[in-house]
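> Next one to model:
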Amino acid sequence: MRQFKRTTLSLAAAQALVWAATPALAQNTPAPAAAATPAADKAPQALETVVVSGRRAALATAQKLKQDSDEIVDSVVADEIGKLPDRSVSEVLQRIVGATMSRVAASNDPVHFSVEGSGVNIRGLTYVSSTLNGRETFSANQGRTLGFEDVPPELMAGVDVYKNPSAEQIEGAIGGLVNLRTALPFDFPGFKGSISVDVSRNSLAKKNKPSVSGLLSNTWNTDAGKFGALIDLAHSLSSNRTDGLVLDPFYKASPTETHWYSRDMSWKQQFYDRTRDGIYGALQWKKDDLESSLTFFRSKFQFNWNENNVSAQVDPYNVTVLNGQYDANGVMTKGTLTGKALGNGAYDGLEVENQTRYSKRNSQTDELAWKIAGRVNDQLTLTSDFQYIRSKTNNFDSTVGTAVSLPKETVDYTGSMPKLVFDAADMAILNDPSKYYWAMMMDHLDKGKGTQKAWKGDARWVFHDSKILNDLRFGVRIAKRDAETINSNPSYNWATITHAWQLGWNIGDLAYITKAPDIPVYKNTYGDFMGGGKANLPALYFPAASVAFDWPNSYNKLHQLYLNECQAFQPGWDGAGCPQQANSIQGGGAWHPTSFGTDPAGRNTQAETTTAGYAQLRFSFEDVGAPIDGNVGLRVVHTKNSADGYTILTTQAPPPGAVGLAVPQLTPFAKEQNFSQSFTDYLPSLNLRFKAAPDLQFRFAASKALARPQFNQMQGYLSMSQTIEVDATVTPPNVKKINLTGTASGNPELKPIRSDQEDLTAEWYFAKNGSVTVAAFNKNLKDIIVNQAFNRTVTDTSGKPVNFVLNGPVNGAKGYARGMEFAYQQYFEGLPSLLQGLGLQANYTYVDSKVKRYNAVYTGYCSPGAGQDNLNLYINGCDTDGRSFGDMPLDNLSKNTFNIALLYDRGPISARLAYNWRGKYLYGVALNSDNTGPNQTNALDTNPASATYGQHNLPVGLPLWADSYGQLDAGLHVKFGNDLSVGLDATNLTNKTYKQIMQQHIGMIGHNYFTSGRGYRVSAQYSF
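Next up, the predicted model:
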């Protein structure tokens, strides 16, 4: 009979190896000691004692985890107490084969770079779930998952990525499940302490920011049992600056024109200050066959974000190109941009806004968990696990802007980065504060909260007398999740102050900054922009940051400047009579702050209850002569969703006596609605392992999995409108068209994305920390959530159904993600003396994908409007000449990714030189965050069959891509004795520029270029 050898490991290794062998118990309380538990007879192959100390030992531990796990898993463990090798959990995850990190602030805001990352994909998919010590966890601003960049890595003992779920794991992962692990007091033989300090510096921000973390743990043996207590604290500060150049989309002046030009080139600077705090505490007790643990985890995250953004306010059809040079496709490569010709050799300028943006977000997630496990007899072990999570977030975002007319700008797009030049005459004008005027303001607020109460009960029955069956695991889980998000309405409440395009319409003059000396501005000189030498930028006058964060008082002052110019232009108008602008979100009247918490359009309230049961059988054929083991199981989960929503219907009545089309008789309404749905999923899973030799094994895994929609996709706010088009030139008036349209902030009837998936691996462990592994995977997806038109039915006064066409998220596509993974690691033996300790880690991932819409929509040209009438816009995208694109891949998926790290570990020295590279991938089409999206409605109609041929009335919806990007990082750490170590880490050693690409029919063209400079960190750690 096989015996399970008890292991004694420090920190991550202790639980990690046991948990890998018995994943059902990997939830913050160790399994009963194997040596005292006959139930462990059928446990996996015995593991030797490993003490984690240094990177080499950590890699050996992670390799042992992978080799002995029941499932396909990759892990990273701390190489010292509370010390993962990167600055954030997101950065840690990107080193794992198959995992990639997003380097932008958010998936719906890709035009803001993030140094520490903002999200993780696994095998090219965003359908990733997160657990903390095996328990589901989340952040309020992330929806269903934890913001990995928000979590203090100092509190982590290790990170595991499960690639194909088993029945006993909590459902919700298709791409993969990320489990974050913390330590428990019994991981240490007695008293243990550690303190770490470091100072980081970004080469552009030029600020030194300290961080400190510390751990204390102790255990006591008493007559009442063994007790343990642990406290782990972390406080981390970071300051970064990102500079960016922006090249706007290319246009052509008329349908027959052969030359394409960009209307403007602009630039931005972003200052980002982050504070991250973590608290983790654990109490542990064990007596005989009963043990329990109580844990508390808090992750607290705050950032202040200041941005200076130069934003073009230029009609592309009023731009004049001087001395233009063009390539073979007619695309401009060099030239001087200025405004429209005024005659006599003079030109109008290029109006730009100089925006100062201030944003502040606070987020906090707390988890309290209590687990108790006991052995009923030598075959049955029962476990009970309670969990309570509370997460909250709030954000204030304010942007104010001055404006100025750039006389001209000379551009050169022929190099690796576009160049921008202003001559001395331009500089003289832009250095004159009297040329600047107050232009715009925009406020935004949001807050969110989420709670979850969950209970999980597990049982494990061990088979003593069977040669094949190891154990049967079964259990239930009940969880109730409540989430509420409140956004201001309008979400981003833009309002004009004065712009050049208002002159002669509703203002007679501009609100020059000299007219308001009490509203502060400052001069930004851009002296070391992008590290210096990459752009010759003029000094510009921006609003002081105090104007942005003094909302709403400063906004009232700025709006009064508009009223002054408006009333002077039209004497006798009062404040309410001056319109803002023709297409203003607020309409006419005095400015007022965006509504917050009072308008149902800004509120999203969700409730979800899941009830799951599972059974999983573990088996091994080793005792009957076949080196095969594994598990098979079934998880059944019932999900019930409800959303508090609001529906609005507005109608337009035909004029008296109208003829033509019959207009439905609908009664307008605005009412609250509750949407609810429920469904049951059956999720079988199979994991097999074939041990061809002690160091060579093969795995096969197959399962069904699901990923639930994000809560922000399920908002129940619908706005429907019935409008008519009437020919009033005839008598009686003739109704020519009836529009039954609307918008949906979300879709509360969304179902989960579901997947049938298979994995096949080959794993050769040729040394203690040497291995080669290969994996092939296939995920067949259905009910992928996409934006497109869908129907809502309203009954008219006669009882007849009337269908409205809305635009919003639907389960509208199927597809696949399939590919290969290769991983290799080794420390080389037998090298000359100085090279002993040299090692190499390398991995590569290839992913191919395809998406097929259930209701495919494609036409060669787009149509006017940025709503549901333009079906092409949010599916295929629209170019600046009105042509649509097609055959877009899955978002956020890179075909090729690789990591390579040169390691050196010998005696007290540990060094790493690591390079991470990710291939090009698509963010999406028609994104609302910049000048490539449908906020621009000036695309040229070049469709010969269109009634508006030659007009500038179409939306822009370019596909936006991330270009391939590779970053080189390094670290050197030295130990002094057994207790003290010091280190130096550097990131982005080559000062790499991050590039985004806009897709047009004339080619793939650079759009955003970001530089964040190098990062440095000096650290010291003392253990006792």
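> Show the residue spans covered by the helices in the stretch 901-1024 of the chain.
Taking DSSP state H, counting those that start in this stretch, the stretch 901-1024 of the chain contains no helices at all.
> Count the neighbours of residue 116 for me.
One way to gauge burial is a neighbour count; for residue 116, by other C-beta atoms under 10 Å, it gives 22. (C-beta placed from N, C-alpha, C; glycine too.)
> State the number of residues packed around the closest residue to it other than its chain neighbours.
Residue nearest to residue 116 in three dimensions, not counting chain neighbours: residue 88, with 4.4 Å by C-beta to C-beta, 6 or more residues apart in numbering. The local packing of residue 88 (other C-beta under 10 Å) involves 26 other residues.
> which ones are touching residue 265?
Taking C-beta atoms under 8 Å, 6 or more residues apart in numbering as the definition of contact, the neighbours of residue 265 are 245-248, 337, 409, 411, 418, 420.
> In these, find the pair that's most separated.
The most widely separated members of the contacts of residue 265 are 245 and 337, with 14.4 Å between them, by C-beta to C-beta.
> list the contacts for the residue nearest to residue 116?
Residue 88 makes contacts with 116-117, 148-149, 151, 153, as judged by C-beta under 8 Å, 6+ apart.
> try residue 897
Taking C-beta under 8 Å, 6+ apart, we find residue 897 in contact with 98, 100, 844-845, 847, 917-919.
> Inside strands: which ones of the residues you listed?
100, 844-845, 847, 917-918 (DSSP state E).
> and the gap between residue 1016 and residue 526?
For residue 1016, the distance to residue 526 equals 23 Å [C-beta to C-beta, to the nearest Å].
> what do you get for residue 753?
45 Å.
> Quick check: which ranges of the stretch 901-1024 of the chain have low pLDDT?
Low-confidence regions of the stretch 901-1024 of the chain, defined by pLDDT under 70, span residues 928-930, 933-935.
> One more pass at 50, please.
By pLDDT under 50, the stretch 901-1024 of the chain contains no weakly predicted segment.
> So for residue 753 and residue 526, which residue has more residues nearby?
More neighbours surround residue 753 than the other of residue 753 and residue 526, with 23 against 18 (other C-beta under 10 Å).
> what's near enough to touch the more buried one?
If a contact means C-beta under 8 Å, 6+ apart, then residue 753 has 127, 174, 706-707, 709, 781-785, 811 as its contacts.
> Now it: closest residue in space that isn't a chain neighbour?
Across the structure, with C-beta to C-beta, 6+ apart as the measure, the residue nearest residue 753 apart from its sequence neighbours is residue 707 (4.7 Å).
> Do I have it right that that neighbour meets residue 145?
No. At 10.1 Å, residue 707 and residue 145 do not qualify as touching, with contact defined as C-beta atoms under 8 Å.
> partners of the helix or strand hosting residue 842 in the sheet?
Taking DSSP states H and E as the definition, residue 842 sits inside strand 838-853. The strands that strand 838-853 pairs with in its sheet are strand 801-827 (antiparallel), strand 896-906 (antiparallel) (by DSSP bridges).
> Does anything pack onto the longest helix seen in the chain? Which helices or strands?
Taking DSSP state H as the criterion, the chain has its longest helix at helix 553-569. Secondary-structure packing of helix 553-569 (3 or more C-beta pairs under 8 Å, 6 or more residues apart in numbering; DSSP states H and E): strand 380-406, strand 437-462, helix 545-549.
> closest to residue 890 out of the ones you listed?
Taking C-beta to C-beta as the measure, the helices and strands packed on helix 553-569 were each checked against residue 890, and strand 437-462 came out nearest at 27.0 Å.
> Average pLDDT for that closest one, rounded please.
The average pLDDT for strand 437-462 rounds to 96.
> now the angle between helix 553-569 and it, please.
Using axes from the mean of the first three to the mean of the last three C-alpha atoms, to 10 degrees, the interaxial angle of strand 437-462 with respect to helix 553-569 works out to 140 degrees.
> what's the angle from strand 437-462 to strand 380-406?
In this structure, strand 437-462 runs at an angle of 170 degrees to strand 380-406, with the same axes, to 10 degrees as the basis.
> Give me the buried positions along strand 437-462.
Along strand 437-462, these residues count as buried under the neighbour rule (16 or more other C-beta atoms under 10 Å): 437-448, 450-452, 454, 456, 458-462.
> after it, next one along is what?
Following strand 437-462 in sequence order, the next helix or strand is strand 469-487 (DSSP H and E).
> by contact count, what packs against that next one?
Contacting strand 469-487 under the criterion 3+ C-beta pairs under 8 Å, 6+ apart are the following elements: strand 437-462, strand 603-620.
> I'd like those as JSON lines, with distance to residue 474 appended.
Formatted as JSON lines, the entries for those read as follows, by distance: least, C-beta to C-beta, whole Å:
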{"stretch": "strand 437-462", "distance to residue 474": "6"}
{"stretch": "strand 603-620", "distance to residue 474": "4"}
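> Tell me which residues touch the closest residue to residue 981 other than its chain neighbours, please.
Nearest non-adjacent residue to residue 981, counting by C-beta to C-beta, 6+ apart: residue 975, 4.5 Å away. Residue 975 makes contact with 54, 908, 910, 981, according to C-beta under 8 Å, 6+ apart.
> Repeat that for residue 978.
With contacts taken as C-beta under 8 Å, 6+ apart, residue 978 has the following neighbours: residue 1023.
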